[in-house]
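> Turn this into a structure:
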Amino acid sequence: MKVLLVEDEEKLAQALKRGLELGGYTVDIVADGKKALTRISLHRDDYDVVILDLMLPSMDGHEICRQMRARNITVPVLVLTARAETDTKVNLLLSGADDYLVKPFSFAELSARLQALLRRPSASLPEVLHVDDIDLDLGTRRVSRGGSEVPLTLKEFALLEYFMRHPNQVVNREDLLTHLWDFNYVGFSNVVDVHIKNLRRKLDGTNADGVLETVRGIGYRLRA
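Predicted structure coming up:
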């Protein structure tokens, strides 16, 4: 899952980014309100959730939420606020936020809130994905093929999840970079090909006719 973290306190932002990345998320950080609104407006399909600080330079979280919803941007928003007053919480929800978290908070609570938000569209985000004989469990982060567990790294798991959400579709490198690497990634590296090679080796072993195939000159496809 890809997160846009809008937080102007640099130490907190970096700490949250590290923790979320260890949990398998891809995280972009923006420290300014107006820049955050521009980013999410231009790249609304790239993010699965927005973590939004309430007090920001140039535009506060209330206004960002309000303008997002006015522009029909439906990405879930979790607001971080230092204000615990009931009026503040009510106003946040009315402005379009999906949930809020009062500072200070534990990282475990943040993770739980994020998982709850990402589970809401259950029809499009099932807990267990099935393609061919591959099972991917989002809750336990386990993958098996033909009943045998396949140990994957966080990035390999994210790649496989993306392919399993788009079975039989040709996925190009740009799509993978957009959804699984952060905004500042320099895309001329062969990092995608290296991760695909490792994922294919773990899924298919020595089987030349594997489930993850290369579509020459375009990208990759997971055959269902």
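
> Below-threshold pLDDT in the protein: ranges please.
Applying pLDDT under 70 to the chain flags the ranges 119-126, 182-189, 206-209.

> let's see it at 50
Residue ranges of the chain with pLDDT under 50: 122-125.

> can you map out the strands along it?
2-6, 26-30, 49-53, 77-81, 99-102, 128-131, 134-137, 142-145, 148-149, 170-172, 212-215, 219-222 (DSSP state E).

> how about those strands, which one is nearest residue 64?
Residue 64 lies closest, by Cβ to Cβ, to one member of the strands of the chain: strand 49-53, at 6.2 Å. For glycine as for every other residue, the C-beta is placed from the backbone atoms N, C-alpha and C.

> Point out the other helices and strands that that closest one packs with.
strand 2-6, helix 33-42, helix 61-70, strand 77-81, helix 107-119 (3 or more Cβ pairs under 8 Å, 6 or more residues apart in numbering; DSSP states H and E).

> what's the closest of these to residue 96?
helix 61-70 (3.7 Å).

> can you list the domains in this protein?
Per the record, the chain has its domains at 2-119, 128-222, by automatic domain parsing.

> May I have the residues that are in contact with residue 32?
By Cβ atoms under 8 Å, 6 or more residues apart in numbering, the residues touching residue 32 are 8, 56, 57, 58, 59.

> I should have written residue 92 there, sorry.
Residue 92 touches 54, 61, 62, 65, 79, 81, 100, counting by Cβ under 8 Å, 6+ apart.

> so the fifth one touches residue 60, yeah?
In this case it means residue 79. No. Assessed by Cβ atoms under 8 Å, residue 79 is found out of contact with residue 60, at 10.1 Å.

> measure stretch 198-211 end to end?
Stretch 198-211 has an end-to-end distance of 13 Å (criterion: Cα to Cα, to the nearest Å).

> I should have written stretch 146-163 there, sorry.
Start to finish, the residues bounding stretch 146-163 are 18 Å apart (Cα to Cα).

> List the buried residues for it?
The neighbour-count criterion (16 or more other Cβ atoms under 10 Å) identifies 150, 152, 155, 156, 157, 158, 159, 160, 161, 163 as the buried residues of stretch 146-163.

> Identify the bridge partners of the residue lying closest to residue 93 once chain neighbours are set aside.
Among residues not flanking residue 93 along the chain, residue 100 sits closest, at 7.5 Å (Cβ to Cβ, 6 or more residues apart in numbering). When bridges are called by DSSP bridges, residue 100 pairs up with residue 79.
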